[in-house]
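**Student:** I'd like to go over a predicted model; first the sequence, then the structure.
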Amino acid sequence: MTSSHPLTNRASAVLVLEDGTRHTGRAYGAEGTTLGEVVFATGMSGYQETLTDPSYAGQIVLQTAPHIGNTGMNDEDSESRRIWVAGYIVRDPSRVVSNWRANASLDEILVRDGIIGVSGIDTRAVTRHIRAAGSMRGGIFSGADAALDADEQLRIVQQAPQMSGQNLSAQVSVDAPTITTALGKRIGNLAVLDLGVKQATIDNLAARGFDVHVMPQDVTFDEIQAIDPVGVFYSNGPGDPAASGDHVALLRAVLDDRLPFFGICFGNQLLGRALGLGTYKLPFGHRGINQPVLDKSTGRVEITAHNHGFAVEAPLEGTFDSPNGYGKVEVSHIGLNDNVVEGLRALDLPAFSVQYHPEAAAGPHDANYLFDRFAELVISTQKDAK
């Protein structure tokens, strides 16, 4: 008996990697051609939060979990105003939506937002290949485009831009400032540089007593000072930190003014560069909600949410001098899978950062305390200034 379900009767689709590797499957979501850096995310759940994370701009995301779409899509769990992934790769899309909050299927939303995907391929094989060869450019060709000559498809993929050297902040940032009012006892105005901020981050900062001013990525230091901030926050975001010189210069002005600073993910890389450290591209990055990290100050191992393809170069042990003259610095957190720098702390300035996501939508929440740590830093700085 032949199935008549729309997901099993979709047009052909092919995933083509820049090294010539090809995987044939079925169209999922919109049809056509899309290009980007192919990366894998290891979360067993939270695909709606992944799709709407602006850090994934320019990337074709492969879900290592085999069953995707089981809980559909809802109006509550999106982390930003739209889906940002350049493309989507899944093995077995769910044919049934089973969640009381769902108001659409994942396939319907992918079609609505024009996100081109592929299903029915061996995602385990693709993941193992990327782990061995490194993240690489790829393309999904579906519908009529799946019939393009294989050499032509490969040529199109190989002409796509590399992730290294790309500044993607302007694509994901807000155009005008927005304000989220503090909950509970108010601490003051917080300037959040939107490099791809997630809604859960804004909510967590507001819950700590900050009036959260989300500001465009091209904001000036004078515009930040105009809100009389008690601190500055740099969000997560896509792209190569080495291509974000303006954001580094802005952060150096923040550090020179001794404003309390907290950065996450891309913000961690930019703090590293502001301090005078280098950054580099990881072979296949960290993406998922199950990454073990050591907090050196407590000795505690946290399971954390990651989404980064670049990292900071710094000595893992002891303290060192900031090459840019900001005093002593230490690596505060270390990734236990591969000893990647996962956090920085300036010892002579009120500034720290982590490479992962303490807001962790959709979990885990082991690192949520970092928002409390930042609030305490701001309050202590205010007391010292009196």
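**Tutor:** Received the coordinates, thanks. Numbering: from 1, shown residues only.
**Student:** which ones are touching the nearest residue to L110 once chain neighbours are set aside?
**Tutor:** Once flanking residues are discounted, L110 sits nearest to G29: 2.9 Å by Cβ to Cβ, 6 or more residues apart in numbering. Bear in mind the C-beta positions are built from the backbone N, C-alpha and C, glycine included. Contacts here follow Cβ atoms under 8 Å, 6 or more residues apart in numbering; on that basis G29 touches 88, 107, 110-111, 115-117.
**Student:** recalculate using a threshold of 6 Å.
**Tutor:** By Cβ atoms under 6 Å, 6 or more residues apart in numbering, the contact list for G29 reads 110-111, 115-117.
**Student:** with secondary structure and pLDDT added, can I get the residues you listed in JSON lines?
**Tutor:** As requested, these are arranged in JSON lines below (DSSP: H, G, I helix; E, B strand; the rest coil; pLDDT from 0 to 100):
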{"residue": "L110", "secondary structure": "helix", "pLDDT": "95"}
{"residue": "V111", "secondary structure": "helix", "pLDDT": "95"}
{"residue": "I115", "secondary structure": "coil", "pLDDT": "96"}
{"residue": "I116", "secondary structure": "strand", "pLDDT": "97"}
{"residue": "G117", "secondary structure": "strand", "pLDDT": "97"}
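**Student:** out of these, who's the most crowded?
**Tutor:** The most neighbours of any of these, using other Cβ atoms under 10 Å, belong to G117, which has 30 neighbours.
**Student:** what's opposite that one in the beta bridge?
**Tutor:** Y28, Y88 (DSSP bridges).
**Student:** my guess is it contacts Y28. True?
**Tutor:** Yes. Between G117 and Y28 there is a contact at 3.8 Å, judged by Cβ atoms under 6 Å.
**Student:** tell me where this structure has helices.
**Tutor:** Using DSSP state H, the helices found in the chain span residues 47-51, 106-112, 123-133, 150-158, 169-172, 199-207, 221-225, 245-256, 266-275, 369-385.
**Student:** tally of neighbours for P177?
**Tutor:** Counted with other Cβ under 10 Å, the neighbours of P177 add up to 15.
**Student:** which residue, neighbours along the chain excluded, lies closest to it?
**Tutor:** M215 (5.1 Å).
**Student:** how about the contacts made by the one you found?
**Tutor:** Residues near M215 by Cβ under 6 Å, 6+ apart: 177, 191, 193.
**Student:** nearest to G325, of these?
**Tutor:** L193 (22.3 Å; Cβ to Cβ).
**Student:** wait, what's in contact with that closest one?
**Tutor:** L193 is in contact with 215, 234, counting by Cβ under 6 Å, 6+ apart.
**Student:** now it: how far from S173?
**Tutor:** L193 sits at a distance of 8 Å from S173 (criterion: Cβ to Cβ, to the nearest Å).
**Student:** cool, and L349?
**Tutor:** 25 Å.
**Student:** ok, S380 to V232 distance?
**Tutor:** In terms of Cβ to Cβ, S380 sits 16 Å off from V232.
**Student:** and for F310?
**Tutor:** Going from F310 to V232 by Cβ to Cβ gives 21 Å.
**Student:** give me the more crowded residue out of the two.
**Tutor:** Higher neighbour count among F310 and V232: V232, with 26 against 21, using other Cβ under 10 Å.
**Student:** what confidence value was assigned to the residue nearest to L110?
**Tutor:** If you check G29, the pLDDT there is 95.
**Student:** could you check how far it is from I116?
**Tutor:** Distance from G29 to I116, by Cβ to Cβ: 6 Å.
**Student:** same deal with T123?
**Tutor:** In terms of Cβ to Cβ, T123 sits 16 Å off from I116.
**Student:** can you check V331 too?
**Tutor:** From V331 to I116 the distance is 40 Å (Cβ to Cβ).
**Student:** distance of V126 relative to V118?
**Tutor:** Relative to V118, V126 is positioned 10 Å away (Cβ to Cβ).
**Student:** what about those two, which has more around it?
**Tutor:** V118 (30 against 21).
**Student:** how about the closest residue in space to A367 that isn't next to it in sequence, what does it touch?
**Tutor:** Nearest residue to A367, sequence neighbours excluded (Cβ to Cβ, 6+ apart): P358, at 4.1 Å. P358 makes contact with 367-368, 370, according to Cβ under 6 Å, 6+ apart.
**Student:** most neighbours, which of these?
**Tutor:** In terms of neighbours by other Cβ under 10 Å, the contacts of P358 top out with A367 at 25 neighbours.
**Student:** give the contact list for that one.
**Tutor:** Taking Cβ under 6 Å, 6+ apart, we find A367 in contact with 302, 304, 358.
**Student:** now with 8 Å?
**Tutor:** 293, 302, 304, 354, 356-358, 360.
**Student:** again with V90
**Tutor:** Neighbours of V90 in contact, by Cβ under 8 Å, 6+ apart: 28, 62-63, 68-69, 117-119, 123.
**Student:** what about 6 Å?
**Tutor:** 63, 68, 119 are the contacts of V90 under Cβ under 6 Å, 6+ apart.
**Student:** export the residues you listed to a markdown table and tack on neighbour count?
**Tutor:** Converted to a markdown table, the contacts of V90 look like this (neighbours: other Cβ atoms under 10 Å):
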| residue | neighbour count |
| --- | --- |
| Q63 | 24 |
| I68 | 23 |
| S119 | 24 |
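**Student:** so G25 versus I109, what's the distance?
**Tutor:** Applying Cβ to Cβ to G25 and I109 gives a distance of 19 Å.
**Student:** hang on, I meant V301
**Tutor:** For V301 relative to I109 (Cβ to Cβ), the value is 36 Å.
**Student:** the more surrounded of those two?
**Tutor:** For V301 versus I109, neighbours defined as other Cβ under 10 Å are more numerous around I109 (21 against 12).
**Student:** how many residues are close by the residue nearest to that one when sequence neighbours are not counted?
**Tutor:** Nearest residue to I109, sequence neighbours excluded (Cβ to Cβ, 6+ apart): M73, at 4.7 Å. Using other Cβ under 10 Å, M73 has 26 other residues around it.
**Student:** tell me the confidence at M73?
**Tutor:** M73 carries a pLDDT score of 92 in this model.
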